[in-house]
Each structure stands twice: as C-alpha cells, then as structure tokens.
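Peer 1: Here is my input, please return the structure:
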Amino acid sequence: MKEKVFCTHCGKELGRDFLDGKHRQVCVSCGTVYYENPLPVASVVLANHRREILLVRRAKEPFKDMWCCPIGFAETGESIEDAALRELREEAGIEGRIVQLLDVGSHVNPLYGELLIVTFEVEKTGGVEVGGDDASEARYFPVMNLPKLAFDSQEKAIAKFVELKRDLWSIHDSFETFVESTVKDRIGYPVTLLSDELAAAVQENSEKIVGLWLDDITTNPSTRSYRRLAREDLRARAMVIMGQFGAWLRKEKSEAEFTSFYLGLGKERQEGRVPLEEAISSLSLLKKHVWMFTYSFGVWEKAVDIYRMFELGERLVYFFDRAAYQTAVGYGRKETGD
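Peer 2: Modelled structure (predicted):
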C-alpha cells in the first residue's frame with residue numbers, strides 16, 4: 001500500500017507513532033491516526049439447475065482474461081449484500097436474490113493491497129447473462145470442471161458451496177432415479193440409490209429380522225393360523241422372501257420369477273387352510289419388521305438420513321404390495337381351477 005504524505009483533514013505532513021501494538025501514520029498537527037483496513041469486497045456464487053456456476057471473464061487488470069465469480073468493491077452507503085447484487089447485475093446482467101452467506105476470506109492484491117472478500121450464494125431472479133462493466137464475457141461452467149479462478153478465496157467459497165449442496169444433490173439424484181424406475185415399472189434398480197446402504201444392512205441382518213417376525217406372527221391376532229405351522233418351515237420361507245427382496249433390489253430376479261414365486265406361495269397357503277387375509281397380514285408384518293429394524297439404527301439428524309429412510313420405506317411398500325397382490329392372485333387361481 002502506498003503511504004499517505006499529507007493529512008486529509010488539515011493538510012499537514014504525516015509522521016509515525018507506535019499505537020495499539022503497531023506503527024501507524026499520525027498527523028503531527030491535528031493528531032489524526034490513519035488506520036489501514038482491508039477493503040470490503042462482495043462476491044457472488046450463482047448456480048443454475050444444471051449445477052453450473054456463473055463466471056465472468058475479467059476485462060481489466062489485475063488478472064485480465066481470467067475467470068472469476070462476479071466481484072467488486074462495496075461502496076459507501078450500500079450494504080455488502082447490496083454490493084454483491086449490484087456487481088452481479090453490472091458484470092453479468094443478472095438480477096438476483098441473496099440466499100445465504102457462504103464465506104468470508106482475505107486476499108492480498110498487488111494493486112489494491114489487502115481485501116476482505118465476502119461471498120454470498122445468490123439465486124437468479126431475472127436478466128440475461130451477458131458480460132458488462134469490468135467483464136468481457138459471462139457464462140456457466142460445470143461446478144466440478146471450473147477453469148482456474150482469479151481469486152483463491154472464490155475457489156474456497158465454491159468448495160464450501162459444493163459441500164453445502166452435496167446432500168441435497170444426492171437426494172435429488174436418488175429421487176429422480178427412484179421415480180423413473182417406479183414410473184417405468186422396472187423390477188429392481190440398476191443404479192445406486194441412497195437407500196442401498198440400508199438395504200444392504202437389512203440383508204446382513206435377515207436372520208434377526210425373521211426371528212422378530214416369527215415371534216410376532218405366532219402371537220398376533222391377525223395371523224392365528226400361523227401358530228399351527230412349523231416354525232422352521234416359516235423361518236425358511238421368510239428367509240427366501242428376504243433374499244428375494246435383496247435380489248429384487250439388485251435386479252437379479254425377472255418379473256416372471258417374482259410372479260411365479262408369490263403365485264405359488266398363495267396356492268401353498270390356501271392348501272394349508274390359511275385364510276387369505278392372514279397370508280397378506282404375514283407379509284405386512286414382515287415388511288413392518290424390516291422397517292423397524294432400519295429405524296432402530298439411530299436418530300436421523302441430517303436430511304439425507306431422513307430421505308434414506310423414506311426411500312427405503314417406499315421400496316419396501318412397492319415390493320411387498322406386489323408380493324401381496326400376486327399371493328392373493330395365487331389364492332384366486334386355486335378357487336377357479338386355473
């Protein structure tokens with residue numbers, strides 16, 4: 001930083017004094033102390049729905065022709081938030097709304113000295129992306145494939161932005177995959193979903209879950225007929241169903257195999273004089289114990305954990321509803337002689 005020579009208040013020469021632990025310029029006449037503070041700078045991180053970050057190409061030094069987020073000095077009489085939105089408008093042609101504070105960091109600039117850069121996440125509300133003011137170009141870049149930025153502080157702020165959005169983006173991706181697979185009526189999910197981790201834990205603990213289910217159906221009023229069936233036979237059949245659930249999630253079972261198994265289960269239970277409503281209840285109770293097992297993992301503090309539970313619950317409903325339907329059809333086939 002260039003040192004001042006004369007006092008801006010009285011015009012006299014400046015001297016030096018040791019104040020507050022530092023050497024500072026002081027007016028020898030009026031005693032005004034000149035504190036050197038970092039200049040406040042407002043910076044903007046704006047992403048579109050494709051997870052691309054808006055950058056502008058600098059038209060002037062320093063760092064001419066390098067890319068950066070919209071950035072500029074806050075002016076007297078405006079808030080740092082207003083400065084951020086003004087720079088976005090002037091450099092990129094975009095109107096915006098402050099979403100949240102992302103980062104506050106320092107940067108040493110060879111021309112301006114020490115800067116205090118305050119970075120906000122901003123949402124676009126209007127305008128058209130076009131370079132202006134100190135920017136020659138404005139365009140979006142994939143967040144995971146950005147060019148080298150002019151300011152290290154902005155790279156740090158974008159890294160924080162990505163970390164803040166990581167769970168939300170993971171939920172969004174998993175939900176889109178789940179919905180697409182369900183709408184297209186696919187058996188199983190050929191790509192990774194957030195609930196796969198919970199599904200794997202269910203498979204690893206199948207024996208424990210089936211044990212709890214056995215204790216339930218042999219005492220539950222809705223499954224009275226199961227009290228006279230051999231416990232080991234029930235255990236074996238339930239373990240097969242648990243294995244089928246895992247295979248179905250991994251898309252290792254065809255629709256024909258799935259349908260055939262539960263048609264056969266319905267026929268077997270009818271021949272064993274188990275009422276249809278009790279057979280359906282037994283499947284519902286098994287679904288309940290799978291769900292209760294995953295719920296027992298602990299308190300869900302993050303949105304992504306809550307979503308995992310929701311997603312697995314939906315997959316359980318989809319699997320067991322189809323199983324119950326085919327089981328009921330198996331009863332009907334017996335009665336009509338099919």
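
Peer 1: For the rest of this, base every contact and every neighbour count on C-alpha atoms.
Peer 2: Noted.

Peer 1: pLDDT weak spots in the chain?
Peer 2: Applying pLDDT under 70 to the chain picks out residues 1-2, 181-191, 298-300, 333-338.

Peer 1: Domain parsing of the chain, as residue ranges.
Peer 2: 1-36, 39-166, 185-336 (automatic domain parsing).

Peer 1: So for Phe175, which of those sits nearest?
Peer 2: Of all these, domain 185-336 sits nearest to Phe175, with 7.8 Å by C-alpha to C-alpha.

Peer 1: Distance from the closest one to the middle of the chain?
Peer 2: Counting by C-alpha atoms, centre = their mean, to the nearest Å, domain 185-336 is centred 29 Å from the centre of its parent chain.

Peer 1: Span of stretch 55-71 from start to end?
Peer 2: 10 Å (C-alpha to C-alpha, to the nearest Å).

Peer 1: Buried residues, it. List them.
Peer 2: Leu55, Val56, Arg57, Arg58, Ala59, Asp65, Met66, Trp67, Cys68, Cys69, Pro70, Ile71 (16 or more other C-alpha atoms under 10 Å).

Peer 1: Could you work out the most separated pair of those?
Peer 2: Asp65 and Ile71 (14.4 Å).

Peer 1: still on that earlier bit, just name the most buried of the domains of the chain.
Peer 2: domain 39-166 (a mean of 18; mean count of other C-alpha atoms under 10 Å).

Peer 1: how far does that one sit from the chain's center?
Peer 2: 23 Å.

Peer 1: What helix or strand is the residue nearest to Lys160 when sequence neighbours are not counted located in?
Peer 2: Nearest in space to Lys160, with sequence neighbours left out and distances taken as C-alpha to C-alpha, 6 or more residues apart in numbering, is Leu102 at 6.9 Å. Using DSSP states H and E, Leu102 falls within strand 94-109.

Peer 1: Report the angle between whichever helix or strand comes after that strand and strand 94-109.
Peer 2: Sequence order places strand 113-127 as the next helix or strand after strand 94-109, per DSSP H and E. Going by axes from the mean of the first three to the mean of the last three C-alpha atoms, to 10 degrees, strand 113-127 is angled at 170 degrees with respect to strand 94-109.

Peer 1: what does strand 113-127 rub up against?
Peer 2: Applying C-alpha atoms under 8 Å, 6 or more residues apart in numbering, the contact partners of strand 113-127 are 1, 37-47, 80-81, 84, 93-109, 153-154, 157, 161.

Peer 1: So Ala157 is in contact with Asp103, correct?
Peer 2: Yes. With contact defined as C-alpha atoms under 8 Å, Ala157 counts as touching Asp103 (5.5 Å).

Peer 1: In the chain, which helix is the longest?
Peer 2: The residue-count maximum for a helix in the chain (DSSP state H) belongs to helix 303-336.

Peer 1: returning to that earlier point: what separates the residue nearest to Lys160 from Ile217, distance-wise?
Peer 2: 53 Å.

Peer 1: Now do the strand holding Leu102: which elements does it pack against?
Peer 2: helix 80-92, strand 113-127, helix 152-183 (3 or more C-alpha pairs under 8 Å, 6 or more residues apart in numbering; DSSP states H and E).

Peer 1: Could you check how far the residue lying closest to Ala328 once chain neighbours are set aside is from Leu276?
Peer 2: Nearest residue to Ala328, sequence neighbours excluded (C-alpha to C-alpha, 6+ apart): Gly266, at 6.1 Å. Distance of Gly266 to Leu276, given as C-alpha to C-alpha: 8 Å.

Peer 1: list residues touching both of these two?
Peer 2: Ala328, Tyr331.

Peer 1: show me what contacts the residue nearest to Ile171 when sequence neighbours are not counted?
Peer 2: Spatial nearest neighbour of Ile171, excluding adjacent residues (C-alpha to C-alpha, 6+ apart): Val304 at 6.4 Å. The contact partners of Val304, taken as C-alpha under 8 Å, 6+ apart, are Asp167, Leu168, Ser170, Ile171.

Peer 1: Same check on Val162?
Peer 2: Val143.

Peer 1: Repeat that for Ala303.
Peer 2: Here Ala303 is in contact with Asp167 (C-alpha under 8 Å, 6+ apart).
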